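Undergrad: here's my sequence, what's the structure:
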Amino acid sequence: VCTRSSSHALRYEDYLDKQISPTDLYYLEDIELARQLVELGYRGTGEILKREEFDEKKKAAERARRQKLLNRPKTLYSVGK
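TA: Predicted structure coming up:
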């Protein structure tokens, strides 16, 4: 299931970055440190997914997307000739 927090085009670092405010970066002056704080749960909104959980959700979303494409009815080009 694709959720807002694990869009198939999103990298884990992008996911963490979305939890970081400009104020956080102003005071920390280091994006890697800010990401680590988010990952450890010291900063961010709601429950933060660990990298493994994020990857699992991303793979599940991709499988669901592919399955949806496979189940789509195919149009025959000879119809109507």
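Undergrad: packing partners of the strand or helix carrying D55?
TA: Taking DSSP states H and E as the criterion, D55 maps to helix 51-71. For helix 51-71, the packing partners by 3 or more Cβ pairs under 8 Å, 6 or more residues apart in numbering; DSSP states H and E come out as helix 12-17. For glycine as for every other residue, the C-beta is placed from the backbone atoms N, C-alpha and C.
Undergrad: which parts of the helix it packs on are buried?
TA: Buried positions in helix 12-17, judged by neighbour count with 16 or more other Cβ atoms under 10 Å: 12, 15-16.
Undergrad: quick one: stretch 24-34 to chain centroid distance?
TA: Chain-centre distance of stretch 24-34: 21 Å, with Cα atoms, centre = their mean, to the nearest Å.
Undergrad: now do it: everything it contacts.
TA: Applying Cβ atoms under 8 Å, 6 or more residues apart in numbering, the contact partners of stretch 24-34 are 16-17, 20, 37, 43.
Undergrad: go with 10 Å
TA: 13, 16-17, 19-21, 35-38, 42-44 (Cβ atoms under 10 Å, 6 or more residues apart in numbering).
Undergrad: shaky segments in this protein?
TA: Scanning the chain with the threshold set as pLDDT under 70 gives 1-9, 44-45, 79-81.
Undergrad: what about 50?
TA: Confidence mapping of the chain against pLDDT under 50 gives the ranges 1-7.
Undergrad: about what we covered before: I'd like to know which of the buried residues of helix 12-17 is nearest to T75.
TA: Distance to T75, by Cβ to Cβ, is smallest for Y15 among the buried residues of helix 12-17, at 36.8 Å.
Undergrad: wait, isn't the closest one in contact with V38?
TA: Yes - counting by Cβ atoms under 10 Å, Y15 touches V38, with 9.0 Å between them.
Undergrad: L37: which element?
TA: helix 31-39.
Undergrad: list the buried residues of that helix.
TA: Those would be 34-35, 37-39, for helix 31-39 by 16+ other Cβ under 10 Å.
Undergrad: would TSV of those with distance to L70 be doable?
TA: Below are the buried residues of helix 31-39 laid out as TSV (distance: Cβ to Cβ, whole Å):
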residue	distance to L70
A34	40
R35	36
L37	41
V38	36
E39	35
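Undergrad: I am finished for the moment; much appreciated.
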